[in-house]
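> build me a model from this:
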Amino acid sequence: MFCEGRQDVCPEFVCTFAGHRQVFEPKIEERVKETLESLIGRGHRLVFLCGGMGQFDALCAGAVRWLKKKHPEKDIQLCLVIPYFSGKLNADRSFFQSLYDEILMPDGVEYAHYKAAIPKRNRWMVDQADCLISYIIRQFGGAYQTCRYAMKKSIPIINVAKGAPQCLK
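Below you'll find the model as predicted:
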């Protein structure tokens with residue numbers, strides 16, 4: 001789906017992330033950085049949507065910040081997509097604003113029960129994306145369900161985990 005099926009440069013290229021909260025492999029950050037580097041020429045503007053809810057999300061956000069420093073000439077945006085407002089976000093607003101270019105909440109998510117808000121937010125991120133970078137090592141959980149949703153939407157998935165589940169290959 002890169003640029004709707006083309007492998008050329010888009011006006012805007014959107015990538016999102018989905019992964020288990022805990023990362024058990026030591027070289028995942030290197031693989032994420034390599035993957036981000038491979039996307040650098042995909043769009044005049046690169047937008048990365050991050051959920052900010054676990055170790056993989058934090059690792060990916062850090063890798064995007066690294067990419068921004070490495071390529072200051074590129075228009076690279078890192079957006080935190082929240083499923084609901086939290087006291088932590090309100091108390092540390094300036095901290096979060098220093099880490100992310102934008103903080104978003106998808107329309108309608110605020111009306112969802114907090115347990116339903118995360119999957120709804122994840123589907124919204126996939127709906128915006130041209131590709132998804134994942135860390136999936138097991139066939140259950142929210143990250144796995146997000147990847148299954150991306151597959152149904154024909155969004156390319158780049159799984160940086162070793163031994164990806166057969167259903168994601």
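> the bottom helix or strand of the protein by mean pLDDT?
helix 87-91 (a mean of 75; mean pLDDT, DSSP states H and E).
> name the residues that touch that one?
Outside helix 87-91, the residues that touch it by CB atoms under 8 Å, 6 or more residues apart in numbering are Ile82, Phe96, Ile103. In short, each C-beta sits where N, CA and C put it, glycine included.
> same deal with stretch 27-40?
Stretch 27-40 is touched from outside by 13, 15, 46, 56, 59-60, 62-64, 66-67, 71, 74, 131, 133, 135, 158, 160-161, with contacts defined as CB under 8 Å, 6+ apart.
> wait, which of the contacts of helix 87-91 is closest to Gly41?
Ile103 (27.4 Å; CB to CB).
> isn't that closest one up against Gln77?
No: taking CB atoms under 8 Å as the definition, Ile103 is not a contact partner of Gln77, at 11.8 Å.
> can you check the contacts of helix 87-91 and name whichever has the most neighbours?
For those, the largest neighbour count, defined by other CB atoms under 10 Å, is 21 neighbours, found at Ile82.
> mind listing what the closest residue to that one other than its chain neighbours touches?
Spatially, and ignoring its direct neighbours in sequence, Ile82 is nearest to Met105 (5.2 Å; CB to CB, 6 or more residues apart in numbering). Shown in contact with Met105 (CB under 8 Å, 6+ apart): Val81, Ile82, Pro83, Tyr84, Phe85, Arg121.
> what about the fifth one, how many residues close to it?
What it means is Phe85. A total of 10 residues lie near Phe85 under the criterion other CB under 10 Å.
> what pLDDT is listed against it?
Here, the pLDDT recorded for Phe85 equals 84.
> how close does the closest residue to Val160 other than its chain neighbours sit to Leu59?
By the measure of CB to CB, 6+ apart, the closest residue to Val160 outside its immediate chain neighbours is Arg31, 4.1 Å from it. Shown here: Arg31 relative to Leu59, a distance of 10 Å by CB to CB, to the nearest Å.
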